[in-house]
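Visitor: Model the following, please.
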Amino acid sequence: MDRFATVQSNLKDQLNAVVFISSPTCSICHVDEPKVRQLATDYHIPFYHLDSVEDPELAGFFEVLTVPAVLVYHEGKEIARQARFIDFKNLEKRFAELPNETLPTDYESLFK
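Guide: Model prediction:
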């Protein structure tokens, strides 16, 4: 299984995840990637770095038109995205808001 397929599968199975998409010719990507990786590590969130040149099909799958792109996932669904200019304060705020565990839904309280 290639790396792209592995990431797709893992996104469905993990509570939270961060995908960083870059290009080898993008100088901003080389600066931002370690910062995003460190934030993900600080918040214990799995981090995936994908290269748009090595994995060209990912641009279509993730609908990424520019790099760097940071995609934040919760329970297999994209909940936040930043591209080109990364706002690290906003990104850290998003990471802090992510729940660390799946809580059961109390359907009785939802329909009162």
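
Visitor: for the protein, what's the longest helix?
Guide: Counting residues, the longest helix found in the chain (DSSP state H) is helix 27-42.

Visitor: where does the protein dip in pLDDT?
Guide: 1, 102-110, 112 (pLDDT under 70).

Visitor: buried ones in the longest helix of the chain?
Guide: Neighbour-count burial for helix 27-42 flags C29, D32, E33, V36, L39, A40 (criterion: 16 or more other Cβ atoms under 10 Å). Where C-beta positions appear, they are placed from N, C-alpha and C, glycine not excepted.

Visitor: mind listing the strands for the chain?
Guide: 16-22, 47-51, 69-74, 77-83 (DSSP state E).

Visitor: partner strands of the second one, parallel or antiparallel?
Guide: When pairs are called by DSSP bridges, strand 47-51 turns out to pair with strand 16-22 (parallel).

Visitor: Tell me the helices and strands packed up against the longest helix of the chain.
Guide: Judged by 3 or more Cβ pairs under 8 Å, 6 or more residues apart in numbering; DSSP states H and E, helix 27-42 is in contact with strand 16-22, strand 47-51, helix 88-97.

Visitor: If we ignore the residues flanking it in sequence, what's nearest the residue nearest the centre of the chain?
Guide: Nearest to the geometric centre of the chain sits V18, at 2.4 Å (Cα atoms, centre = their mean). Once flanking residues are discounted, V18 sits nearest to A40: 4.6 Å by Cβ to Cβ, 6 or more residues apart in numbering.
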